[in-house]
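[1] mind looking at a prediction? Sequence and model below.
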Amino acid sequence: MGQKLKITGWVAAGAFAGALTTVSLQTVARGSLAPLPLEELQQLAAVFGMVKSDYVEPVDEKKLISDAISGMVAGLDPHSQYFDKKSFKEFREGTTGRFVGVGIEISQEDGLIKVVSPIEGSPAFRAGLKPNDLITKIDDTAVRGLSLNEAVKRMRGEANTKVLLTIYRKDENRTFPVTITREEIRTQSVRGKIMEPGYGWIRLSQFQERTVDDFVKKVEELYKQDPNLKGLVLDLRNDPGGLLDAAVAISAAFLPENVTVVSTDGQLAESKSVYKAAPEFYQRRAGSDPLRGLPAALKTVPLVVLVNEGSASASEIVAGALQDHKRAIVMGSQTFGKGSVQTVRPLGPDTGLKITTARYYTPSGTSIQAKGIVPNVLVDESAEGSPFAALRMREADLEKHLASGQGPESKDPEREKARDEARKRLEEEAKKPPQDRKVPEFGTPQDFPLMQAFNRLKGQPVLVSKTQVIVDNKEEKKEN
């Protein structure tokens with residue numbers, strides 16, 4: 001990523017977190033409907049007729065209705081959404097971790113697309129693409145000037161179709177074309193390794209359908225490498241969430257059986273639920289417990305959970321459950337604060353409605369909505385502090401966000417002042433030489449919060465933040 005863009009993306013992680021949701025996939029519509037407001041529906045029909053007949057040029061009827069539904073849902077909260085055919089397909093790809101493309105993780109650098117890493121076994125991997133390769137053209141389209149999303153769309157397509165990428169490899173100072181055949185890609189949401197003898201690191205980047213199975217494989221792999229782990233870090237930084245059952249399963253992997261992981265409360269009867277650390281609350285197939293092969297030591301190994309402002313939704317469920325049950329020490333920064341559950345209801349074969357149906361509560365009965373998980377130990381992003389943290393969006397910053405339901409929110413008058421100062425620092429940072437602006441990669445010895453987490457596990461001194469301020473809405477606990 002170009003260093004200015006890399007830093008900007010770093011501070012914008014919380015905003016992206018709001019776009020992904022903890023979802024419960026349901027197809028059953030509500031059994032009974034309240035009486036319809038006939039007068040208002042007549043007005044809607046009248047407006048539809050006027051636009052259809054009086055607008056300066058013809059308007060497609062289906063688009064008018066689709067836009068009306070989108071507007072109705074958009075007025076609720078930032079996470080409710082009407083899915084047309086295209087967006088419904090993209091949403092399903094996001095939760096399954098599957099899509100059709102070439103199989104590379106990318107970022108942006110100096111107006112070009114940079115290969116962060118080819119996904120192992122993907123068409124791009126087999127074609128020999130390497131980290132730090134720069135993509136200058138996609139088919140006949142120059143990449144310079146395209147947004148990251150536009151570049152992604154051009155590289156994705158139908159299975160078995162071809163795309164021509166023009167690659168500039170900096171370390172060899174040469175440009176060459178590569179033709180790649182698109183195929184279904186399965187993204188990897190779990191990473192991990194033994195950082196040093198006795199201490200492991202597992203990172204979850206999203207909660208997808210395959211996350212639990214991949215997590216189990218990674219844990220088994222780590223314990224095979226080092227059967228006597230003295231400590232483990234579960235890294236949920238910048239994890240924007242995903243599927244609720246995956247969050248319950250990951251929590252259950254560390255918790256005693258049958259303890260409460262999370263509860264939900266909403267208007268519908270099915271929204272009033274308690275999810276426990278037991279197979280019936282997370283297994284996708286009857287009689288099949290995906291956690292059954294985990295080492296017994298995982299229930300007792302000393303555990304630190306790393307979070308930051310980009311940790312949202314499902315990752316907040318996990319952090320909150322492990323914190324409330326005193327199973328882990330949570331370290332890092334106050335999380336995003338997305339404590340609501342969305343239900344996806346198909347409206348047809350290729351359209352749907354994602355609607356907020358409940359708030360979720362940690363085992364102690366605390367709503368995280370618009371507040372977030374407060375770490376046991378506040379740790380900055382670097383030894384110099386967290387200079388750009390004030391720029392990150394949080395749930396409470398989103399327009400029309402759902403209130404916590406546990407008392408009024410309070411605003412910090414110093415927040416805007418801190419943001420102005422952070423913007424000035426960011427502008428100064430962008431003027432530095434590229435080599436001085438690198439953001440440390442997660443899971444490396446230069447990863448300051450991770451090193452502090454290992455210090456905690458070893459009983460060594462931790463450099464605690466001296467500047468972070470907790471955003472407190474002065475909420476009370478819900479009595480369950």
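    Right, received. Where do you want to start?

[2] outline the domain layout of this structure.
    98-185, 190-458 (automatic domain parsing).

[3] so for the longest one, mean pLDDT?
    Here the mean pLDDT over domain 190-458 is 87, rounded to a whole number.

[4] distance between the ends of it?
    Using CA to CA, to the nearest Å, one end of domain 190-458 lies 24 Å from the other.

[5] hmm, back to that, buried deepest among the domains of the chain, which one?
    Most buried of the domains of the chain by mean neighbour count (mean count of other CB atoms under 10 Å) is domain 190-458; its value is a mean of 19. (C-beta placed from N, C-alpha, C; glycine too.)

[6] hmm, back to that, for the domains of the chain, which one sits closest to Ser80?
    Nearest to Ser80 among these is domain 190-458 (4.9 Å), distances taken as CB to CB.

[7] would you turn the domains of the chain into a markdown table with distance to Leu44?
    Formatted as a markdown table, the domains of the chain follow (distance: least, CB to CB, whole Å):
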| stretch | distance to Leu44 |
| --- | --- |
| domain 98-185 | 33 |
| domain 190-458 | 17 |
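
[8] could you verify my assumption that Ile138 touches Met155?
    Yes. Between Ile138 and Met155 there is a contact under CB atoms under 8 Å: 6.0 Å.

[9] need the residues touching each of these two.
    Residues touching both Ile138 and Met155 (CB atoms under 8 Å, 6 or more residues apart in numbering) are 163, 165.

[10] follow-up on the earlier one: go through the domains of the chain and name the closest to Ala46.
    domain 190-458 (24.1 Å).

[11] how far away is the residue most central in space within the chain from Gln369?
    With distances taken as CA atoms, centre = their mean, the chain has Pro240 as the residue nearest its mean C-alpha position (1.5 Å). Applying CB to CB, to the nearest Å, the value for Pro240 to Gln369 is 16 Å.

[12] do the same with Glu257
    As judged by CB to CB, Glu257 and Gln369 stand 28 Å apart.

[13] tell me how far the longest strand along the chain lies from the chain's centre.
    Determined from DSSP state E, the single longest strand within the chain is strand 352-361. Averaging C-alpha positions (CA atoms, centre = their mean, to the nearest Å) puts strand 352-361 16 Å from its chain's average.

[14] please apply the same query to stretch 441-451.
    Per CA atoms, centre = their mean, the centroid offset for stretch 441-451 relative to its chain is 20 Å.

[15] now do the end-to-end distance for that stretch.
    This stretch, stretch 441-451, spans 12 Å end to end (CA to CA).

[16] so where is the stretch 1-150 of the chain shaky, pLDDT-wise?
    1-34, 94-95, 97, 120 (pLDDT under 70).

[17] what ranges do the strands span in it?
    For the stretch 1-150 of the chain, the strands defined by DSSP state E, counting those that start in this stretch occupy 22-25, 81-83, 98-101, 104-109, 112-118, 134-138, 141-142.

[18] among the ones you listed, which comes closest to Val464?
    Across the strands of the stretch 1-150 of the chain, Val464 has its closest neighbour in strand 22-25 (29.8 Å, CB to CB).

[19] which parts of the stretch 1-150 of the chain are helices?
    Here the stretch 1-150 of the chain has its helices, by DSSP state H, counting those that start in this stretch, at 3-11, 13-17, 38-54, 61-74, 85-96, 123-126, 148-155.

[20] which outside residues touch the fifth one?
    Looking back up the chat, that one is helix 85-96. Under CB under 8 Å, 6+ apart, the answer for helix 85-96 is 20, 23, 25, 81, 83, 99, 208-210, 242-243, 344, 350-352, 354.

[21] follow-up on the earlier one: so which of the domains of the chain gets nearest Met50?
    domain 190-458 (25.5 Å).

[22] before we move on, which element is Lys217 in?
    Assessed by DSSP states H and E, Lys217 sits inside helix 211-225.

[23] partner strands of the helix or strand just after that helix and their direction?
    Sequence order places strand 231-235 as the next helix or strand after helix 211-225, per DSSP H and E. Next to strand 231-235 in the sheet, as set by DSSP bridges, lie strand 199-204 (parallel), strand 303-307 (parallel).

[24] ok, residues contacting strand 231-235?
    Against strand 231-235 from outside (CB under 8 Å, 6+ apart): 198-204, 222, 254, 298, 301-306, 318, 322, 328, 442-443, 450, 453-454, 457-458.
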